[in-house]
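Asker: Provide a 3D model corresponding to the input given below.
(one chain, ligands or ions: 1)
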Amino acid sequence: MLFKEERLKTEFFKMDPIVRLMAIHFEVLCKEYFKITPVCTRIFDDIKGATGVHPAGRAIDFRNETGGKRMFTDEQVKFLVSEMNKRFPGHDNLATCIHHSFNGGPYHFHIQKTLGDKYDKDLSCFDYHK
Ligand SMILES: [Zn+2]
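Answerer: Below is the predicted model of the structure:
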């Protein structure tokens, strides 16, 4: 994956490891299905009015819109959001992956681990052959 700013690379290795795993899975989907390299735009940065999940190191954003142009088609967005939520159900009522625009900003994918999310300690929930 690419990082909008160099410092995001450092942040990537400081964030919640499950979210890092989610981000890597997102990258695999983008590359394997669409030959698109995702661009990380935000990890720890806070935005006024947001939930605080970013400063807590439990969320990562990937670009869809830049300069008024979209990187992914609506069908691709639908596929990615659906695959991510299937792979990482989180076991609470909050989605792991959403595609949105916050406070009129550019459209992006927001991937998060919410406080109610539970994953197996042995990570067998990520077994691709299940
Ligand atoms: Zn976000």
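Asker: closest to the centroid, which residue in the chain?
Answerer: The residue at the geometric middle of the chain, judged as the C-alpha nearest the mean C-alpha position with CA atoms, centre = their mean, is residue 111 (2.8 Å).
Asker: for it, name its beta-bridge partners.
Answerer: Counting by DSSP bridges, residue 111 is bridged to residue 60, residue 97.
Asker: what about residue 26, which SS state?
Answerer: At residue 26, secondary structure determined by DSSP: H, G, I helix; E, B strand; the rest coil is helix.
Asker: ok, it - contacts?
Answerer: 38, 62, 80, 84, 97, 109, 111 (CB atoms under 8 Å, 6 or more residues apart in numbering). For the C-beta atoms, the positions are set from N, CA and C on the backbone; glycine is no exception.
Asker: quick one, strands of the chain?
Answerer: For the chain, strands defined by DSSP state E occupy the ranges 2-3, 39-42, 59-63, 65-66, 69-70, 97-100, 108-112.
Asker: count the neighbours of the residue of the chain found nearest the ion for me.
Answerer: Across the chain, the shortest distance to the ion (CB to the ion) belongs to residue 110, at 3.5 Å. Neighbour count for residue 110, taken as other CB atoms under 10 Å: 21.
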